[in-house]
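*Asks:* Pasting the sequence and the predicted model now:
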Amino acid sequence: MNERIVERTQEFRANGAAPLDVMCECSLEACEDMLDVPPSIYEQTRASATRFIVTPGHQIPEAEVVVEDHDTFLVVSKIGTGADVARERA
Ligand SMILES: [Zn+2]
């Protein structure tokens, strides 16, 4: 049993694809969705001040634009005020 866990961990380290449990970052107060997100995409999204990971359908079209569709989750980019702040910092 333990051996199998170690094997899985090593496999994940080797290909870097172990998904992270990420909480949906939408604006819905009651939302507690957990999403499986590959670390590379999570880091990429975190690197941008205006990008967030949400469940498909949880995006707000007036405030966010979908920049990546990964089927089980979306990467959205804030538009309007949030985006202006990000541009000023760049
Ligand atoms: Zn949500």
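*Replies:* Yep, that arrived.

*Asks:* and Gln44, that one's in a helix?
*Replies:* Yes. Looking at Gln44 with DSSP: H, G, I helix; E, B strand; the rest coil, it is inside a helix.

*Asks:* Let's see the pLDDT reported for it.
*Replies:* Model confidence at Gln44, expressed as pLDDT, equals 94.

*Asks:* what does the one 4 residues further on give?
*Replies:* In this model, Ser48 is scored at 94, pLDDT.

*Asks:* next one: Asn2
*Replies:* The model's pLDDT for Asn2 equals 62.

*Asks:* what do you get for Leu28?
*Replies:* 89.

*Asks:* What is the burial count for the closest residue to it other than its chain neighbours?
*Replies:* Excluding its sequence neighbours, the residue lying closest to Leu28 (CB to CB, 6 or more residues apart in numbering) is His58, at 6.2 Å. For every residue, glycine as well, the C-beta is placed using N, CA and C. His58 has 19 neighbours, counted by other CB atoms under 10 Å.
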